[in-house]
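# Sequence first, then the predicted structure:
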Amino acid sequence: MIKFSNVEKKYPNGLLALNDINLTIEKGEYVAVIGLSGAGKSTFIRCINRMHDITDGTLIVNDVEVAGLKGKEVRQFRRNIGMIFQSFNLVTRTTVLKNVLVSFVPDLPFWRKIFGLFTKEQKMQALSALDQVGILDKAYTRVDQLSGGQQQRVALARTLAQNPDIILADEPVASLDPVTAGQVMDDFKKINQEMNITVIMNIHHVDLALAYADRIIGIRKGEVVFDGKSSMVNQSVLDHIYGRAQSIEVRKEGAKMNHV
Ligand SMILES: Nc1ncnc2c1ncn2[C@@H]1O[C@H](COP(=O)(O)OP(=O)(O)OP(=O)(O)O)[C@@H](O)[C@H]1O
């Protein structure tokens, strides 16, 4: 469970990126965070795994008060939280399997790290993660020979091999074409439903957010201005999150995406 109580995030330059956030996300939820560029979506997601420190309030993740973690505890805490980025963050000049095995590196003894030696069990776990996202046949292919969608699946498999409770995804389909974006969204949905992993995703495509996520959190100027079921989101809710003129643009972009 993730619980924000009166959470504030102020950057060192004084910018208030999150203001008085109060909400709870239960295990197994699929949440999409939407809002205009600069609204605070990335900041919201990145506070959850302590990529950013909150500056006031309390944030509890899996019974742990995130702000109280120190050094090694932060690394340990992050083991249960996967993170997926728009840019995939893969080592493209090596194989898919090696990229997935990287998720085990923090747990390896020093000498194994040096030689890149992985146990048979770790290799099986990595292969199984690749199977879960449907690219087992690409295990020995170099990442730079894969399409964008396949690369995002490698990133997802790497996260799954880590056996997380929570997956945070920061614009995971922003650089993909509409069809591939839909396939990657399907992967997230499958993982969420079959493995009961909480998914919290920042996403600009409102139509995809509404089609896949169960819950929508709308952020505007650092404040949560909507929090409810996807089925409750209508034009007036979007106007409230984005502002009237912008919400029409957001919808038009979505329509264009769907017709490519
Ligand atoms: N390191 C930083 N220092 C100062 N201000 C920052 C920093 N990172 C983000 N901000 C500011 O905080 C606000 C929220 O940024 P954030 O990246 O969370 O927005 P976002 O909704 O994810 O935007 P986008 O959709 O464009 O990624 C913005 O005004 C941004 O300029």
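Received it, and whenever you're ready, just let me know what you need. Residues are numbered from 1 along each chain as shown.
# what about the strands in the protein?
2-10, 16-25, 30-34, 56-61, 64-65, 81-85, 166-170, 198-202, 215-220, 223-229 (DSSP state E).
# Let me know which of those strands is the nearest to Phe104.
Taking Cβ to Cβ, strand 81-85 is the member of the strands of the chain nearest to Phe104, at 13.5 Å. Glycine gets a C-beta too; all of them are placed from N, C-alpha and C.
# contact partners of the closest one?
48-49, 51, 61, 152, 155-156, 159-160, 162, 164-172 (Cβ atoms under 8 Å, 6 or more residues apart in numbering).
# Can you list the strands that it pairs with?
If you go by DSSP bridges, strand 81-85 pairs up with strand 166-170 (parallel).
# Wondering if the partner strand reaches the ligand at all.
No. Strand 166-170 lies out of reach of the ligand by Cβ under 6 Å from any ligand atom, never closer than 7.6 Å.
# what does stretch 206-213 give?
No. No part of stretch 206-213 sits near the ligand under the criterion Cβ under 6 Å from any ligand atom; the closest distance found is 12.6 Å.
# Buried ones in that stretch, by neighbour count?
For stretch 206-213, the neighbour count (16 or more other Cβ atoms under 10 Å) marks 206-210, 212-213 as buried.
# Next: stretch 182-193.
Quick answer for stretch 182-193 (16+ other Cβ under 10 Å): 182-185, 187-189, 191-192.
# again with stretch 150-166
150-162, 164-166.
# and the gap between Asp207 and the ligand?
Counting by Cβ to the nearest ligand atom, to the nearest Å, the separation of Asp207 from the ligand is 16 Å.
# Also Thr198?
Relative to the ligand, and taking Cβ to the nearest ligand atom, Thr198 is found at 19 Å.
# Next one, pLDDT for the residue of the stretch 51-200 of the chain found nearest the ligand please.
Of all residues in the stretch 51-200 of the chain, Glu171 sits closest to the ligand, at 6.7 Å by Cβ to the nearest ligand atom. Note for Glu171: predicted pLDDT of 93.
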